[in-house]
Each structure stands twice: as structure tokens, then as C-alpha cells.
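Engineer: let's see this in three dimensions:
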Amino acid sequence: MLAPGLRIVFVGINPGRVSAAAAAHFANPRNDFWRLLHAARITSRLYEPAEQFELLKEGIGVTNAAYRTTPGSGDLRRGDFDVARLERIAEELKPQWLAFVGKEAYRGLFGNRPELGEQERTLGETRLFVLPSTSPANAAVPWAERLRWFQTLAGVASGLPWRDGVRAAVVDERGRALLMRYGNEYSTWWIVPGGGKEEGESDEAALRRELREELGLQEFELGPLLWFREQHFLDEPGFGGQRENVYLVRVQSFEPAPELDLAAEGCHELRWLTPDDMAGLPTRPDDLAERLKSASGS
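Structural biologist: Reported below is the predicted structural model:
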């Protein structure tokens, strides 16, 4: 399932019995691969394994690090991996990226266990990226963590520029923070208010505009910079990710009165929450509760 000049070639470790029987990559219905491709916006729609050749139209290919079918990847031997074949793919077909679906696919070929993300090693001009395994056997890695790495690949491989943004931890006298809940068919997440900066805007000007539009908050004193964060994703058309400064804004508790239709903006809920209330909630960043505890006590 390869062609010249693809954006990304995904490299699975080897065919499991379900995939071999179906003659399709990642065919186990409990494997998250196809859902993650769509959730990260790498593909324009959700594909079924039987439609795998349609991926070529989106500049995507799929291959394996080893071709012997086994009950599990642990049954593979060193000789099952063919690094020379992968080198030929890079040299002859010149994909922009080879994305290994699982650390073991990479280790089987190159002999060392990598960290997740982009690798220093390249194959000619082809860049290498390691993703978490999408196998149900890797269930210890939660969906949100897998999705974050697929989103990172999507943003990096897009070649699109960063978007500059700004956000605020709006904290009241009780130590509660105003959070916004977003979500889609694949996941939900809570985040502090804010958004992208317009051309020429300062952080403060952008934040005053965003908090007025999203919360109806107009009178406030801008506090210190709490943290800087960057995340690759394709959620914003024309951008491959967002870099944002997050500031502290202390206020007396108030009832938000947004100027925007937040539902139309994709926000499903706006709520005051203490850091303890956030326990178990999916947040961006993952350690938002701990960061807000520090902010509330500062």
C-alpha cells in the first residue's frame, strides 16, 4: 500500500491474525488506528480497514516492519525485520515521513528503543516519527495520550506555521477557575479561556478581547505569566499548531455573559471549578489542576 511522494507512510510492526485473515492493515476492530487517523485530522473522514487503498488519495500509505503473521508481536524474531526494505522505500518512493505505530516496530528495525515523537535519525530526506502502539494490547496508554501523539504528527507533517495565542487562568476569591469544555465524537476536554492573536495584537490586547467575547469580562488586571505552552494540531485551518502564553487573572466571582455564541464556537459548557473538581476530568494540559493549584496559592 505504497506510492511515490506520499506525505506519511505508517509502519506497523507485523500482521496479526485478524489483519492477515482480512488482508488489511490494523483490521482488529479494537485497534484504534483508523479512528485516530480521523480524530487527528490526518484523514478527511473515518476509513474502514477494507478501504485502505483509498488512503493513497490522501497522500498516506501503510506498510509493516515485519511480514510474518504471529499471534502477537512478541513472537517475532530479529530476522523478521527488514531494514533494507524500509531504506529502499525511503530512497525510491521518498515519503516525507515514516511514522512507526509503536516503539517495537522501530526497535525491531533499528535495534534501539526510541522515545515517542520525531527522531534524530532520518532515512535520506525522509523524517521518522514514533507513535504509541494502537493495538488493544497497549490499552495501558489511554486514548487521550495516543491522540495527542497523532495530533502532533499531523501538525508537524502538515508543514503549516504556528498560530500565536494567549489564554488566562481566571481565578476567583475561592480558588475556582473558569474552564470551557470542548469536544467531538472522539474526545472531550476542558481548557482555560482564550484563543488566537490577531495580527499586530499584544498579549494583553488579545486577552482582553478574548475574555470579553467568551466570558463578558471587561474589567480586570492582567496578572503574571504562568506558563508557556505549545501544541501541534490541525484544529485551526491554516495552522499546524498553537503557541500560547497563559496569564493569571484574579477576579471576584461573577456570572459569565459571553458576547459570542459559544456553542457555535464549539464550546459545550462554561463552569467554575476548583482544582479538586478537576480530578478525573480530561484537561489541556493534562496537569492543569496542579498548575491552577499553584496559581491559586501564588
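Engineer: which parts of the stretch 1-150 of the chain are helices?
Structural biologist: Here the stretch 1-150 of the chain has its helices, by DSSP state H, counting those that start in this stretch, at 17-22, 33-39, 83-93, 103-110, 143-158.
Engineer: switch these over to TSV; also include mean pLDDT, mean neighbour count and distance to residue 279.
Structural biologist: Where you see a C-beta, it was placed from the backbone N, CA and C, and this is true even at glycine. Output for these, formatted as TSV (pLDDT from 0 to 100; neighbours: other CB atoms under 10 Å; distance: least, CB to CB, whole Å):
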stretch	mean pLDDT	mean neighbour count	distance to residue 279
helix 17-22	84	15	37
helix 33-39	97	21	25
helix 83-93	96	15	44
helix 103-110	94	22	30
helix 143-158	96	20	15
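Engineer: between those, which gets nearest to residue 193?
Structural biologist: Residue 193 lies closest, by CB to CB, to one member of the helices of the stretch 1-150 of the chain: helix 143-158, at 20.7 Å.
Engineer: between the following helix or strand past that closest one and helix 143-158, how many degrees?
Structural biologist: Per DSSP states H and E, the first helix or strand lying C-terminal to helix 143-158 is strand 162-171. Here strand 162-171 runs at an angle of 150 degrees relative to helix 143-158 (axes from the mean of the first three to the mean of the last three CA atoms, to 10 degrees).
Engineer: in strand 162-171, which residues are buried?
Structural biologist: 163, 164, 165, 166, 167, 168, 169, 170, 171 (16 or more other CB atoms under 10 Å).
Engineer: chain center to it, what's the gap?
Structural biologist: Distance of strand 162-171 from its chain centroid, counting by CA atoms, centre = their mean, to the nearest Å, is 18 Å.
Engineer: other SSEs contacting it?
Structural biologist: If contacts are counted by 3 or more CB pairs under 8 Å, 6 or more residues apart in numbering; DSSP states H and E, strand 162-171 sits against strand 177-183, strand 194-196, helix 203-215, strand 241-250, helix 288-296.
Engineer: if I take the last one and strand 162-171, what angle do their directions form?
Structural biologist: This points to helix 288-296. Going by the same axes, to 10 degrees, helix 288-296 makes 60 degrees with strand 162-171.
Engineer: just the CA trace of helix 288-296, in CSV.
Structural biologist: Written as CSV, here are the backbone C-alpha positions of helix 288-296 (Å, rounded to 0.1, in the frame of the first residue of the first chain):
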residue,chain,number,x,y,z
LEU,A,288,-4.0,21.8,34.5
ALA,A,289,-5.3,21.1,38.1
GLU,A,290,-1.8,21.1,39.5
ARG,A,291,-0.9,24.3,37.6
LEU,A,292,-4.0,26.0,38.8
LYS,A,293,-3.3,25.0,42.4
SER,A,294,0.0,26.7,42.2
ALA,A,295,-1.6,29.8,40.6
SER,A,296,-4.3,30.0,43.3
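Engineer: distance between it and the chain's centre?
Structural biologist: Distance, centroid of helix 288-296 to centroid of chain: 23 Å (CA atoms, centre = their mean).
Engineer: ok, the first one next?
Structural biologist: Put simply, strand 177-183 sits 18 Å off its chain's centre (CA atoms, centre = their mean).
Engineer: the fourth one too?
Structural biologist: From the chain centre to the centre of strand 241-250 is a distance of 19 Å (CA atoms, centre = their mean).
Engineer: can you offset everything so residue one is 312?
Structural biologist: Happy to do that; since the first residue is 312 now, the last one works out to strand 552-561.
Engineer: can you give me the mean pLDDT across that strand?
Structural biologist: Strand 552-561 comes out with an average pLDDT of 97.
Engineer: figure out how far the helix or strand following that strand is from the centre of its chain.
Structural biologist: Heading C-terminal from strand 552-561, the first helix or strand you meet, by DSSP H and E, is strand 578-584. A distance of 22 Å separates the centroid of the chain from that of strand 578-584, by CA atoms, centre = their mean.
Engineer: what residues sit buried inside strand 578-584?
Structural biologist: Buried residues in strand 578-584, counting neighbours by 16+ other CB under 10 Å, are found at 578, 583, 584.
Engineer: shouldn't the last one be in contact with residue 488?
Structural biologist: Yes - under the criterion of CB atoms under 8 Å, residue 584 lies in contact with residue 488, with a separation of 6.2 Å.
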